[in-house]
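Peer 1: Quick one: sequence plus predicted model below, questions after.
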Amino acid sequence: MERGFNFNPFFDGGLMPTRGGASLGAIKKDDKELSSYYSAVKQGIEPISTKQKDIDAAVNISNEMGRAFDGNNIGSSLLG
């Protein structure tokens, strides 16, 4: 059986690639963190990263300060 130049081994035969062979638990954790990140961004909060600890910290700081935290510009975000 000859294959054309556009052969994609992942999709030929119905196989789908995983995220670097990550487990289902790791994929669900990543999806949860990204969902939390997007939720924070919708509220105007800009966490430093998409890691859950950074998202939680940004939300807590925003709640304490009464305004959205900006992880891209931390100095002015914290000082006013």
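Peer 2: Everything's here; your move. Numbers count the residues shown, from 1 in each chain.
Peer 1: which helix is the longest one in the protein?
Peer 2: Counting residues, the longest helix found in the chain (DSSP state H) is helix 24-42.
Peer 1: and the next element down the chain from it?
Peer 2: Beyond helix 24-42 on the C-terminal side, the first helix or strand identified by DSSP states H and E is helix 52-65.
Peer 1: for this protein, what are the low-confidence residue spans?
Peer 2: Within the chain, the segments meeting pLDDT under 70 span 1-22, 75-80.
Peer 1: returning to that earlier point: what angle separates the longest helix of the chain from helix 52-65?
Peer 2: With axes from the mean of the first three to the mean of the last three C-alpha atoms, to 10 degrees applied, the angle from helix 24-42 to helix 52-65 works out at 30 degrees.
Peer 1: Return the alpha-carbon coordinates of helix 24-42 using CSV.
Peer 2: What follows is helix 24-42, C-alpha atoms only, in CSV (Å, rounded to 0.1, in the frame of the first residue of the first chain):
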residue,chain,number,x,y,z
LEU,A,24,-5.6,11.2,31.7
GLY,A,25,-5.3,12.6,35.2
ALA,A,26,-2.6,15.1,34.0
ILE,A,27,-4.7,16.1,31.1
LYS,A,28,-7.7,16.8,33.3
LYS,A,29,-5.5,18.8,35.7
ASP,A,30,-4.2,20.9,32.8
ASP,A,31,-7.8,21.5,31.5
LYS,A,32,-8.9,22.5,35.0
GLU,A,33,-6.0,25.0,35.4
LEU,A,34,-6.7,26.5,32.0
SER,A,35,-10.4,26.8,32.8
SER,A,36,-9.5,28.6,36.0
TYR,A,37,-7.1,30.8,34.2
TYR,A,38,-9.7,31.8,31.5
SER,A,39,-12.2,32.5,34.3
ALA,A,40,-9.8,34.8,36.0
VAL,A,41,-8.9,36.6,32.8
LYS,A,42,-12.7,37.1,32.1
